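Participant: Any chance you could fold what I've pasted below:
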Amino acid sequence: MKIVILLVLAYLLGSIPSGLWIGKIFFHKNLHDYGSGNTGTTNTFRILGRKAGIIVFILDFFKGYIATCLPLIFNVHGISPVVFGILAIFGHTCSIFDHFKGGKAVATSAGMLFAYNPYFFLFLLIIFAITLYLTSMVSFASVACAVIGGLAVLIFPSIHFIFKSYDPIFTILTLILAFFIIYKHKDNIKRIMNHDENLVPFGLNITNQKTK
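Facilitator: Reported below is the predicted structural model:
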């Protein structure tokens, strides 16, 4: 029963729509009506500004982090912490508090990875930063991390880099998460191919997107 309660708690924790609530309470704006319509970090930055975006990123990050730590906090064994993190990610993208809408799961996924394996998180953070600088696109960097992260969990354990051995549950759930993140960015991928994706105000824009 304790495990079931904590699994539900992980989902509810992830379901907290940080961007949506901050937008409505402090800016009197519904993020669903602006930009991409998502309530995650990127759209918050774009619509509500840097301070709001940073706050939403921190909150969404720690939703994934805390959910993944629930088994440790409550001394629960027999189930992978990643399962709790995945439920928080699902809650973030399909929130019960927001008519089952949400963000694209990048910040919450980062929190889950940081709680489970900080070294793997650091590796993907470096990939994200480099890709973001080269392309000036959060979406491209997010998809790149999903692709490289999916490949890494298949390859790294075999060469004992970051991972000492394979964790079947973590590997499978990470692959599912990678495909899910790519799917959530399908519209962004189309815009990238059309050279019409939104850009951040720095970086090299090596794919020559039209500036927005």
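
Participant: In the protein, where's the longest helix?
Facilitator: Ordering each helix of the chain by length in residues (DSSP state H) puts helix 50-73 first.

Participant: Would you tell me what the next helix or strand after that helix is?
Facilitator: Of the helices and strands lying after helix 50-73 in sequence (DSSP states H and E), the nearest is helix 81-93.

Participant: Just after that next one, pick out the following helix or strand.
Facilitator: helix 106-116.

Participant: relative to helix 50-73, how tilted is the next helix or strand after that next one?
Facilitator: Remark: after helix 106-116, the chain's next helix or strand is helix 118-135, criterion DSSP H and E. Relative orientation of helix 118-135 and helix 50-73, computed by axes from the mean of the first three to the mean of the last three Cα atoms, to 10 degrees: 160 degrees.

Participant: Could you give the average pLDDT over helix 118-135?
Facilitator: Looking at helix 118-135 alone, the average pLDDT works out to 98.

Participant: Likewise for stretch 72-90?
Facilitator: The model assigns stretch 72-90 a mean pLDDT of 96.

Participant: Span of that stretch from start to end?
Facilitator: For stretch 72-90, the first-to-last residue distance is 20 Å (Cα to Cα, to the nearest Å).

Participant: how far away is residue 20 from residue 45?
Facilitator: 14 Å (Cβ to Cβ, to the nearest Å). C-betas here are computed from N, CA, C, even on glycine.

Participant: More neighbours: the two, which one.
Facilitator: Using other Cβ atoms under 10 Å as the criterion, residue 20 and residue 45 rank with residue 20 on top: 24 against 20.

Participant: list the contacts for that one?
Facilitator: For residue 20, the contact set (Cβ atoms under 8 Å, 6 or more residues apart in numbering) comprises 30, 31, 32, 39, 98.

Participant: go on, residue 176?
Facilitator: With Cβ under 8 Å, 6+ apart, residue 176 has these contacts: residue 86.

Participant: let's see it at 10 Å
Facilitator: 86, 150 (Cβ atoms under 10 Å, 6 or more residues apart in numbering).

Participant: and it, which of the three is it?
Facilitator: helix (DSSP: H, G, I helix; E, B strand; the rest coil).

Participant: before we move on, what about the one 4 residues further on?
Facilitator: Reducing the assignment at residue 180 to three states with three-state DSSP gives helix.

Participant: Who's the closest spatial neighbour of residue 181, skipping the chain neighbours?
Facilitator: residue 146 (4.1 Å; Cβ to Cβ, 6 or more residues apart in numbering).

Participant: what helix or strand is that neighbour on?
Facilitator: helix 138-159.

Participant: doesn't residue 85 make contact with residue 69?
Facilitator: Yes - assessed by Cβ atoms under 10 Å, residue 69 is found in contact with residue 85 at 8.9 Å.

Participant: okay, the two: which has more neighbours?
Facilitator: Taking other Cβ under 10 Å, residue 69 and residue 85 do not tie; residue 85 has more neighbours (31 against 19).
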